[in-house]
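> Sequence and computational prediction follow.
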Amino acid sequence: MAAVLAEIRSLLGEPRFAWSDPAPWAGLERELGVVFPADFREILDAYGSIMVNGQLHLAHPAGHLLHRLGEKIREDLEFWQDEDMVEFLPAPAGTAPGELLPVASAVTGETVFLRVPDGPASPWRVLVQEFDSPAWTLHELAFGDWLLAYLRGEDVTVCSRNLAPDRPFHEPLS
């Protein structure tokens, strides 16, 4: 993971958040009954709640922030668990093994999910649902690898090539 985070930093710039208190993560994980993958936590602890390339919203669980991960997840779970929305995902939205946990969104209409592993030896994977169509794509990548591919301009369903033609950038969510 250290190499992935170092490469993310080289593309996105130095993080300014540098969070070290595990309490917000512990509270959110206790509430949801799931332990977030280490790479996801490390990236958000480094950068906080940010918008990447004017497109991708990432939120941290710290309570003093305006954009908090816990609130975003609760709102998105309620939305994706609605009977009118369940048909647009390959598995239920939730926190149980095999379910899809919404963790990020894009202004271009995509929702980024982490697929909860089926067991302790199974990896976390990223699924992206495109809201403007009933399409979804499962990426056989950990979150850090998925984000790195996004920052490189690779097509990981959310694509930044036109939004960050010079280089990736981030700004704090206000």
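Now that the structure is in, tell me what you want to look at. Numbering: from 1, shown residues only.
> Ignoring the adjacent residues along the chain, who's closest to A96?
V116 (6.5 Å; Cβ to Cβ, 6 or more residues apart in numbering). Where C-beta positions appear, they are placed from N, C-alpha and C, glycine not excepted.
> just D145 next, same as before
V4 (6.2 Å).
> Number of residues surrounding the one you found?
17 (other Cβ atoms under 10 Å).
> now it, what's its secondary structure?
helix (DSSP: H, G, I helix; E, B strand; the rest coil).
> Next one: it from A106, what distance?
Look at V4 and A106: by Cβ to Cβ, to the nearest Å, they are 21 Å apart.
> ok, now V158?
V158 is 5 Å from A106, by Cβ to Cβ.
> okay, and the common contacts of the two?
55-56, 112 (Cβ atoms under 8 Å, 6 or more residues apart in numbering).
> Could you dump these into TSV with distance to H139 and pLDDT added?
Formatted as TSV, the shared contacts of V158 and A106 follow (distance: Cβ to Cβ, whole Å; pLDDT from 0 to 100):
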residue	distance to H139	pLDDT
Q55	17	93
L56	14	95
V112	10	98
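> Counting only strands, which of these make the cut?
Those of the shared contacts of V158 and A106 mapping onto strands are 56, 112, per DSSP state E.
> Out of the shared contacts of V158 and A106, who's the most crowded?
In these, the most neighbours by other Cβ under 10 Å go to V112, 27 neighbours.
> Please consider this matter closed, and thank you.
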